[in-house]
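> Provided below for reference: sequence and predicted model.
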Amino acid sequence: MRKGPSAFNIASVVLGLVFLYAPIVVLVVYSFNASRLVTVWGGFSTRWYRALFEDAQMLDAIWVTLRVGALSATLATVVATLAAVALVRAGRFRGRTMLAGGIYATLVMPEVILGLSLLLLFVSIGLPRGFWTVTLSHATLTLAYATVVIQARLSSFDRHLEEAAQDLGCPPWKAFLLVTLPVIAPAVGAAWMLAFTLSLDDLVIASFASGPGATTLPMRLYSQVRLGVDPKINAVSTLLIGLVATGAIAAYLIQQRRGRPV
């Protein structure tokens with residue numbers, strides 16, 4: 001009996017990996033291209049990285065994107081934690097179905113519909129579009145994803161730990177902060193990272209909710225690509241890939257260290 005993967009399986013995996021990662025490799029390589037033409041190799045150079053750090057508009061878009069991502073992810077994670085506690089521990093209460101449906105609706109709702117709805121909301125209440133409208137919109141978008149992650153962890157939490165703390169005289173809110181929250185902290189952190197990543201990647205909703213001085217990096221890249229591919233786009237994309245890869249490697253090493261016996 002033959003053991004191990006067949007030639008067809010190996011070829012399928014190789015072709016799949018090439019299909020997924022070959023464009024990324026080409027993008028990274030051509031970010032060091034000396035030529036202004038992104039499809040013509042003109043030699044190795046870091047000129048586009050220097051040009052990127054001299055582009056005030058691009059740097060401003062990066063700074064806006066990071067601030068929006070951090071604030072919206074924090075807001076979404078806090079609200080998601082409270083929502084998860086209500087859905088898991090409050091039992092059957094009036095409005096529970098409406099609460100769950102309102103939270104999870106963004107999982108299946110097209111971003112165009114959500115962006116248009118938020119735009120109409122901001123216009124109706126007279127809130128000028130700008131940095132804070134983008135932040136609130138991204139928090140709305142990522143709330144459901146964060147809630148799913150935290151609710152899944154909270155559902156498997158052993159309530160006896162919290163009850164033991166309360167038996168020793170700890171108030172319920174303090175028992176949650178000192179016992180429950182540290183245990184579910186990895187899930188809360190994962191929810192925050194997921195919300196932050198989704199905020200960095202969003203283009204559709206930001207296009208509806210943004211205003212003067214609130215141009216995010218995806219919006220800036222999209223506007224430049226429509227006029228032609230600028231080599232600086234390759235440079236900023238490579239930096240983002242490096243940032244994500246560094247974070248993934250760091251998370252893997254931390255997980256390996258925690259799993260190693262002392």
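Perfect, I can see it now.
> show me what counts as buried in stretch 139-159.
For stretch 139-159, the neighbour count (16 or more other CB atoms under 10 Å) marks 139-151, 153-154, 157 as buried. Every residue, glycine included, has its C-beta placed from N, CA and C.
> give me the lowest-pLDDT entry from those.
Model confidence across the buried residues of stretch 139-159 bottoms out at Phe157, which has 78.
> I figured that residue hits Thr180, correct?
Yes: taking contacts as CB atoms under 8 Å, Phe157 lies within contact range of Thr180: 6.4 Å.
> so which of the buried residues of stretch 139-159 are in helices?
Residues of the buried residues of stretch 139-159 located in helices (DSSP state H): 139-151, 153-154.
> for burial, what's the neighbour tally of Ala100?
Neighbour count for Ala100, taken as other CB atoms under 10 Å: 16.
> now Ala7
Ala7 has 7 nearby residues by other CB under 10 Å.
> which pLDDT value goes with it?
81.
> and it, how far from Leu59?
Here the criterion is CB to CB, to the nearest Å. By it, Ala7 lies 49 Å from Leu59.
> likewise Leu181?
36 Å.
> kindly report the same for Asp230.
Distance from Asp230 to Leu59, by CB to CB: 14 Å.
> and what of Leu227?
Look at Leu227 and Leu59: by CB to CB, they are 19 Å apart.
> of these two, which one has the most company?
For Leu227 versus Leu59, neighbours defined as other CB under 10 Å are more numerous around Leu59 (14 against 7).
> tell me the secondary structure of that one, please.
helix (DSSP: H, G, I helix; E, B strand; the rest coil).
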